[in-house]
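Participant: Using only what follows, build the 3D model:
(2 chains)
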Protein chains: 2
Amino acid sequence: MANAVVFGFQISAIIRIRDALAFATHSFFHENEFRLIHTPIITTSDCEGAGEMFRVTTMVGEAEKLEKGEVGVAAKPGIPQKDGKKIDYAADFFGRQAFLTVSGQLQLETCACAVGDVYTFGPSFRAEHSHTSRHLAEFWMVEPEIVDADIQDVMNWAEAYVKYMSQWLIDKCCDDMELMADKGCIDRLRMVASTPFERISYTEAVKILEEAVKGGKKFDNKVEWGIDLASEHERFLTENEFQKPVIVYNYPKGIKAFYMRLNDDSKTVAAMDVLVPKVGELIGGSQREERYEVIKERILEMGLPLKPYEWYLDLRRFGTVKHSGFGLGFEQCCCLRPALTTLETLFPSQDTQEEQICN
Amino acid sequence: MANAVVFGFQISAIIRIRDALAFATHSFFHENEFRLIHTPIITTSDCEGAGEMFRVTTMVGEAEKLEKGEVGVAAKPGIPQKDGKKIDYAADFFGRQAFLTVSGQLQLETCACAVGDVYTFGPSFRAEHSHTSRHLAEFWMVEPEIVDADIQDVMNWAEAYVKYMSQWLIDKCCDDMELMADKGCIDRLRMVASTPFERISYTEAVKILEEAVKGGKKFDNKVEWGIDLASEHERFLTENEFQKPVIVYNYPKGIKAFYMRLNDDSKTVAAMDVLVPKVGELIGGSQREERYEVIKERILEMGLPLKPYEWYLDLRRFGTVKHSGFGLGFEQCCCLRPALTTLETLFPSQDTQEEQICN
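Facilitator: From the prediction side, this is the model:
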């Protein structure tokens, strides 16, 4: 089956569109003098501090050799243990625990502080058990990091980048987009490319949603200040209320990551999400917390260990610069154009989500 | 230390050069109408059939939770076992064993047969215990796959690509290259960009080396038809014999991968390596074996299981097309210009090779 699928004309069109968006991405950042950085894929830091991460190990393979009797009989099957109880990570390839990255952001911040505006475009991984089209175990991320930029600047950059990609597709990929199941995609791209994005604070967004509920609108998920917006809320804002892309900013600190800059109200952080009609959240970004004491406090507050972040804290400890950045899930961005019902078909040569990851 | 290193002017120059080479790569393939494919990073097939691969698993994390008593007491610590002996991979995230890719080539071949010329540019992984500058656990690879191309065509493409990158650096990065320790790098790039590469068969290469030995040249490694060329042999060919890049082709089948096309002599395969003075092997490529019976035989001959390659064999089973491709280790290619003594400094924010992989 797999190869037959690849020959489908829609799949070929998607390959060309995805290729075009990748080249548009590199062109956009190059024209704006960003430098591409390949951030590490194998990592010991968890950027988000909460994601389910994949382990990278050679211990399981070693355990298998023991099973097969390839190693001396004295060795016991199973993964190496310390004191007969704990897993002995010192016996692993890197001499400690290693994971697949969930984001290159923290390393990117280091580079931005050294050479100016940078971006990365590489794979990211989440070991969440989910088989919806919104959660992939493996996906590509575009992440720029911009120096001397605050939350307003990063919203400007995010909007400029999305408009640039939309215009690129309009200019170069109309033939391929006409092959897509979603016949409204070209019109939507024209709207995204030409309309200024609405910008509202999270607090304003909650007010709008609460007003809608009062007016009789029914949501499955609760609307309340302090709780994250659900997909249905985001869609209501972009598709009903404003009918264009909306940037929501200044989220409650409790629902956002430790590295986002605490606002003066001490309740919200300088985070922003770009929401697009029919797509949902396309981009998440923030101004980074540059104050040493504040970020250290935030790491501890979230119950994270300090040690793996010491190298990152060094960026503040010895003086720093204001900087901001965002991340875009590239598979979501491919949805921008044809809005296929699932993401699975974006990966050629694989039939099911499981196959998709594992060929 | 780490951050201080990043601020070094040489490191900043290398970041800019690496960025330039990445953009040159995308530009080269786009100008020639190749499509970028993001091949899977997590995989179940071993392209080379011999590499040491990293496991990707959530079982070790689960085992740790058991240790901590986070799961019911009935569950036993350690990784799940079947029949009390074998590791139960069905209990892992993907329901079977999964690895980090060593190459995107096999998946790329599927795409090439569907949409024409394609390339991938992504991370690759090797779990070999080695701490020399020539072996990295994590590195980026550029891999094009070209349809209707034989071994001669792929040599032409490889030479054109290397010349394109060299010219790009000469045109855009001379200021940065002047900061490099290796003062000869700009002259060498000029030579690479302007001189036709020498092309000799493996058999001719061995003859030249044997003649050199007869003439009194001493090598640490044996020269004999059937054994792979050592670095010192490659350097002799490029730096002494020809004083320019050399492409060696038609290697003995015993030292090359199963997917390379068997030549009519039944002793050699249509493989080629691009060797560059001071750099060594920069590119390895081949015409792919398109004959179903021959490639199946070669897989079995090399002691590999057929099952994980069935999807790949499908490409031949139902009719196929002649195709060829090559791979370039991007970190080696960065060496093309400043020829730093180690690769470590190419990765900012990390001090040692271990740190390099694991931040």
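Participant: Over stretch A:313-326, what's the mean pLDDT, rounded is fine.
Facilitator: Averaged over stretch A:313-326, pLDDT sits at 90.
Participant: Assign whatever residue of the stretch 51-200 of chain A ends up closest to chain B to helix, strand or coil.
Facilitator: Using Cβ to the nearest Cβ, A:Ala114 is the residue of the stretch 51-200 of chain A that sits closest to chain B, at 3.8 Å. All C-beta spots, glycine's among them, are computed from the backbone N, C-alpha and C. Classification of A:Ala114 using DSSP: H, G, I helix; E, B strand; the rest coil returns helix.
Participant: Measure how buried it is and give me the count.
Facilitator: A:Ala114 has 22 neighbours, counted by other Cβ atoms under 10 Å in any protein chain shown.
Participant: what do you get for A:Thr44?
Facilitator: With other Cβ under 10 Å as criterion, A:Thr44 counts 17.
Participant: ok, now A:Lys183?
Facilitator: Neighbours of A:Lys183 using other Cβ under 10 Å come to 10.
Participant: Show me where the stretch 251-359 of chain A has its strands.
Facilitator: With strands called from DSSP state E, counting those that start in this stretch, the stretch 251-359 of chain A shows them at A:268-276, A:280-287, A:323-329.
Participant: Chain neighbours aside, what residue packs nearest to A:Tyr120?
Facilitator: Just to correct that, residue A:120 is Thr rather than Tyr. Leaving aside its sequence neighbours, A:Thr120 sits nearest to A:Gly104 (Cβ to Cβ, 6 or more residues apart in numbering or on different chains; 4.3 Å).
Participant: The one you found reaches A:Met141, doesn't it?
Facilitator: Yes - in this structure, A:Gly104 is within contact of A:Met141 by Cβ atoms under 8 Å, at 7.2 Å.
Participant: Quick check on these two: which one has the bigger neighbour count.
Facilitator: The neighbour comparison of A:Gly104 against A:Met141 (other Cβ under 10 Å) goes to A:Gly104, with 27 against 22.
Participant: what pLDDT does that one get?
Facilitator: 91.
Participant: Show me the helices in the stretch 151-300 of chain A, by range?
Facilitator: A:151-172, A:174-177, A:185-194, A:202-214, A:231-235, A:292-301 (DSSP state H, counting those that start in this stretch).
Participant: no, scratch that, I was asking about the stretch 1-150 of chain A
Facilitator: Using DSSP H, counting those that start in this stretch, helices in the stretch 1-150 of chain A cover A:2-6, A:9-31, A:59-67, A:105-115.
Participant: which regions of the stretch 51-200 of chain A sit below the pLDDT cut-off?
Facilitator: In the predicted model of the stretch 51-200 of chain A, residues A:51, A:65-79, A:82-85, A:130-135, A:181 satisfy pLDDT under 70.
Participant: which residues do A:Gly104 and A:Met141 both contact?
Facilitator: Counting by Cβ atoms under 8 Å, 6 or more residues apart in numbering or on different chains, the common neighbours of A:Gly104 and A:Met141 are A:Thr120, A:Gly122, A:Ser124.
Participant: Which of those sits closest to A:Tyr292?
Facilitator: Closest approach to A:Tyr292 among the shared contacts of A:Gly104 and A:Met141 (Cβ to Cβ): A:Thr120, at 24.5 Å.
Participant: which residues does that closest one contact?
Facilitator: Applying Cβ under 8 Å, 6+ apart, the residues near A:Thr120 are A:Leu36, A:Ile37, A:His38, A:Thr39, A:Gly104, A:Leu108, A:Met141, A:Val142, A:Glu143.
Participant: Kindly state the beta-bridge partners for it.
Facilitator: A:Glu143 (DSSP bridges).
Participant: how near is it to A:Glu64?
Facilitator: Look at A:Thr120 and A:Glu64: by Cβ to Cβ, to the nearest Å, they are 34 Å apart.
Participant: which residues sit against stretch A:154-173?
Facilitator: A:16-17, A:20-21, A:24-25, A:27-28, A:144, A:146, A:149, A:177, A:186, A:189-190, A:192-193, A:196-197, A:199, A:245, A:247, A:249, A:272, A:274, A:276, A:282-283, A:285-287, A:324-326, A:328, A:333, A:336-337.
Participant: I am finished for the moment; much appreciated.
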